[in-house]
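S.K.: Show me how the following folds:
(chains A and B)
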Amino acid sequence: MSQTTHAAAAGGLANRLSTLLYTRRGLLLGLLLTPPLLWFGIIYLGSLFSLLANSFFRLDDFTGQMVREVGLSNFVEIFTPTNLDVALRSTLMAVVVTLACAVIGFPVAYYMARYARGPQKALLYVAVMLPLWSSYLVRLYAWKLLLAKEGAISWVLQQLHLQWLLDSLLALPVVGGSSLSFSPLGTFTVFVYMWLPFMILPVMAAIERIPASYLEASADLGAAPIQTFRQVILPLAMPGIAAGSIFTFSLTLGDYIIPQVIGNSTLYIGQVVYRQQGVAGNLPFAAAFSLVPIVIIGVYLWLAKRKGAFDAL
Amino acid sequence: MSSAVSLRDVSCVFRSAGKSVHAVNGIDLDVEAGEFFTLLGPSGSGKTTCLRMIGGFTLPTSGTIHIGGADVSQLPPYARPINTVFQDYALFPHMTILDNVAYSLMVRGVDRPTRERRAEQLLATVQLPDVGQRKPAQLSGGQRQRVALARALINEPQVLLLDEPLGALDLKLREQMQSELKSLQRELGITFIFVTHDQNEALSMSDRIGVFNQGRLEQVSSPAELYTRPATRFVAEFVGAANVLQGADALQFGPAPTLMIRPEMIELERGDDCPRPDPRTLGLVHEVQFFGSFWRIHVQRVQGATLLVDLPVHSAAKCPQVGETARLYWPDAAMHPIPASHAEQAAT
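M.R.: Reported below is the predicted structural model:
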């Protein structure tokens, strides 16, 4: 008894404060949302708008100084064949990486959501997340070693007398190269490896939300498993796949380190932005070019919405 | 008589945490064509597992299941001539009501105009003609229940399984759906196998009832038979209220060591005025409950078990106060002997 009165006296101010916040939900909401909204408004949107503003300026070719005059010269330059080539290659890579992540990630996510239980599920979680625990650069250079001409993958294939398979893959036009670590094939492999967890987790969450009774009802109504997959599972997992693909797509479009370390030194959007900004000091053009992925992702989302990817949300 | 569904020595064993649990233990059951058959039992008694085995969602560990004469024991749900109304209705949230109802025609490759016409018909049958273009989330619980029914009936299954389909509805709606389901079943002539834990629902709807307890079938019979002549103590106590007397307590009234008397079969006289001689027993009233159509009076006897007495509400003058003495009367026919072996089995 004396303990409770003591506690009430000590918590007098705290109690009054909680009562105030409990009765005035608006105040509580305001207190909770102000810091993130300030962050979002000033730092996030602010930098985006400064990017947008910068993209209308231009660099003086002789002095190398930025000229603060509004013009569209940067946007015109994006449409030169070289730059269009970069944008197209990056987009294509992002699409292929996203597709591969979806195809590889879906069965894993499905198994984790529907079959794995207890310790097995925990283990799979860890297995999916484990790569994210170590440094991105370390993993990248580890892949460099794996993919190198004298690297582990090549060695294993040699031992299996499958060197011809690798050689014929590398002999392919466009995607091939002198070795895996110097080919778009290698870039693709590492991209898929890097972003796969970002696909698996949202897809798994989406599949977990499908009640087992939906699948039973579908089977009960005469649908073979493949029909249940197409008519029920896939549409209901689509928001998860869409969320995952936004990660894999935008991460691939924006990355400038992976193609620099692994690949045949053809340029991707991120690298062009990095070079223009860092090496050439052409901030206005870098800003304009970094709007390209934003536009592409916008178009992608619009297409996904039109295709009904978010209908089941 | 042809059996629509027959189960022979069917068992289902689940393994959980290293232990094996007999959810269903050696059941034999025949459901006749056109029958409204109810699987009744408390939760965990095996009734839902039994229904899921008939539906094909769970495969039996041993035994055989025949539907319409064909062995379906190891067939998947989509190869069985039955359909199911699920407890949570399981309507597909991303499809319109019309597409939901037409689903089984769609997966069978029926063209869109035909299947939509048929789905409209079914929606009219369940009295929901104008909701075809809506999504399940826009309907009320009762409406979703009807849609689930229409969807399961569109294929004209030989047998319709219903897994506690009325459990989520409020009382008024549930009673309405009970009578609608019953008349729909009579109209269509389809065999219904209905799972419920609600004994009133089971009694009011079924042609026959199978009572489950701990993975076994305790009794299969008509509702009236089940109520008046329960085969085991468990059935007596699960279906309706029952006074069960045992041992010497039973033998002083009748020939059997276990007797059941329904509370409404007992007549009660208040102790102070005694126009009637020779009461069966005396006791003290220690609880009086009002149930609308009757009073339930708990009479604590001097020796032996407490007896429940249901007094019709029109004889309110006879209703005693707590603490009064009560004299109890009943005819010999009110005492139903329960076979000893069954009673022992239920007690252990």
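
S.K.: Going by C-alpha atoms from here, please, whenever you check contacts or count neighbours.
M.R.: Noted.

S.K.: In space, what's closest to the residue of chain B found nearest chain A - neighbours in sequence excluded?
M.R.: Per C-alpha to the nearest C-alpha, the residue of chain B with the smallest distance to chain A is B:Tyr78, at 4.0 Å. Nearest residue to B:Tyr78 in three dimensions, chain neighbours excluded: A:Gly222, at 4.0 Å (C-alpha to C-alpha, 6 or more residues apart in numbering or on different chains).

S.K.: My read is that that neighbour contacts B:Pro77, right?
M.R.: Yes. Applying C-alpha atoms under 8 Å as the test, A:Gly222 and B:Pro77 come out as touching, 7.2 Å apart.

S.K.: Would you map out the domains in chain A?
M.R.: A:2-39, A:73-306 (automatic domain parsing).

S.K.: interface residues of chain B facing chain A?
M.R.: B:55, B:57, B:76-80, B:82-84, B:86, B:88, B:90-94, B:103-104, B:107-108, B:152 (C-alpha under 8 Å from any C-alpha of the partner chain).

S.K.: In helices only, show me those residues.
M.R.: B:Gly55, B:Tyr103, B:Ser104, B:Val107, B:Ala152 (DSSP state H).

S.K.: and the first one, how far is that from A:Lys307?
M.R.: As for B:Gly55, its distance to A:Lys307 is 35 Å (criterion: C-alpha to C-alpha, to the nearest Å).

S.K.: So for these two, which sits in the more crowded spot?
M.R.: The neighbour comparison of B:Gly55 against A:Lys307 (other C-alpha atoms under 10 Å in any protein chain shown) goes to B:Gly55, with 28 against 10.

S.K.: residues touching the spatially closest residue to that one that is not a sequence neighbour, list them.
M.R.: Leaving aside its chain neighbours, B:Gly55 sits nearest to B:Pro77 (5.9 Å; criterion: C-alpha to C-alpha, 6+ apart). Going by C-alpha atoms under 8 Å, 6 or more residues apart in numbering or on different chains, B:Pro77 touches A:Glu216, A:Ala219, A:Asp220, A:Gly222, B:Gly55, B:Gly56, B:Phe57.

S.K.: Export the residues you listed as a markdown table, with columns for pLDDT and distance to A:Asp167.
M.R.: Converted to a markdown table, the contacts of B:Pro77 look like this (pLDDT from 0 to 100; distance: C-alpha to C-alpha, whole Å):
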| residue | pLDDT | distance to A:Asp167 |
| --- | --- | --- |
| A:Glu216 | 95 | 48 |
| A:Ala219 | 95 | 46 |
| A:Asp220 | 94 | 50 |
| A:Gly222 | 92 | 48 |
| B:Gly55 | 94 | 54 |
| B:Gly56 | 94 | 51 |
| B:Phe57 | 94 | 49 |
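
S.K.: B:Asp177: how many residues sit nearby?
M.R.: One correction, residue B:177 is Met, not Asp. Residues near B:Met177, counting by other C-alpha under 10 Å: 18.

S.K.: where does A:Pro239 land on pLDDT?
M.R.: pLDDT recorded at A:Pro239 is 89.

S.K.: no wait, B:Glu344
M.R.: pLDDT, read off for B:Glu344, is 51.

S.K.: ok, now A:Tyr110?
M.R.: 95.

S.K.: element containing it?
M.R.: Per DSSP states H and E, A:Tyr110 falls inside helix A:81-114.

S.K.: Show me which residues of chain A are close to chain B?
M.R.: By C-alpha under 8 Å from any C-alpha, the residues of chain A that approach chain B are A:211, A:213-214, A:216-224, A:227, A:232, A:235-236, A:311-312.

S.K.: Which among these count as buried?
M.R.: Among the residues of chain A next to chain B, the ones that count as buried by 16 or more other C-alpha atoms under 10 Å in any protein chain shown are A:213-214, A:216-224, A:232, A:235-236, A:312.

S.K.: which of these lies closest to A:Thr187?
M.R.: Checking these against A:Thr187 by C-alpha to C-alpha gives A:Pro235 as the nearest, at 30.8 Å.

S.K.: Help me confirm that the closest one comes into contact with A:Ala309.
M.R.: Yes. Using C-alpha under 8 Å, A:Pro235 is in contact with A:Ala309, at 7.4 Å.

S.K.: mind listing the helices for chain B?
M.R.: B:47-55, B:97-101, B:103-107, B:112-125, B:141-153, B:171-188, B:199-205, B:223-228, B:233-238, B:248-251, B:340-347.

S.K.: okay, those helices, which one's buried deepest?
M.R.: helix B:97-101 (a mean of 27; mean count of other C-alpha atoms under 10 Å in any protein chain shown).

S.K.: mean confidence for it?
M.R.: Mean predicted confidence for helix B:97-101 is 95.

S.K.: what's the closest non-adjacent residue to B:Lys182?
M.R.: B:Met205 (6.1 Å).

S.K.: Can you read off the pLDDT for the one you found?
M.R.: So B:Met205 comes in at 92 (pLDDT).

S.K.: Just want the phi and psi numbers for the closest residue to chain B within chain A.
M.R.: Using C-alpha to the nearest C-alpha, the single residue of chain A nearest to chain B is A:Gly222, 4.0 Å away. Per-residue torsions, A:Gly222: phi 100, psi 10 (degrees, to the nearest 10).

S.K.: need the contact list for it.
M.R.: B:Pro77, B:Tyr78, B:Ala79, B:Ser104, B:Val107, B:Arg108.

S.K.: Please verify my assumption that the fourth one contacts A:Leu221.
M.R.: Looking back up the chat, that one is B:Ser104. Yes. Between B:Ser104 and A:Leu221 a contact is recorded at 4.8 Å, counting by C-alpha under 8 Å.

S.K.: which neighbours do these two share?
M.R.: In contact with both B:Ser104 and A:Leu221: no residue, using C-alpha under 8 Å, 6+ apart.

S.K.: quick one on the thing from earlier: go through the domains of chain A and name the closest to B:Leu307.
M.R.: Of all the domains of chain A, domain A:73-306 sits nearest to B:Leu307, with 44.2 Å by C-alpha to C-alpha.

S.K.: In space, what's closest to A:Gln277 - neighbours in sequence excluded?
M.R.: A:Leu283 (4.9 Å).

S.K.: The one you found: how many residues sit nearby?
M.R.: Neighbours around A:Leu283, by other C-alpha under 10 Å: 22.

S.K.: So it sits against A:Gln276, correct?
M.R.: Yes. Using C-alpha under 8 Å, A:Leu283 is in contact with A:Gln276, at 6.6 Å.

S.K.: which stretches of chain B have low pLDDT?
M.R.: By pLDDT under 70, the weakly predicted segments of chain B are B:1-2, B:272-274, B:340-348.

S.K.: For residue 143, which residues are in contact?
M.R.: No chain specified, so I'll use chain A. Contacts of A:Trp143 (C-alpha under 8 Å, 6+ apart): A:Val190.

S.K.: To clarify, I was referring to chain B.
M.R.: B:Gln143 makes contacts with B:Leu128, as judged by C-alpha under 8 Å, 6+ apart.
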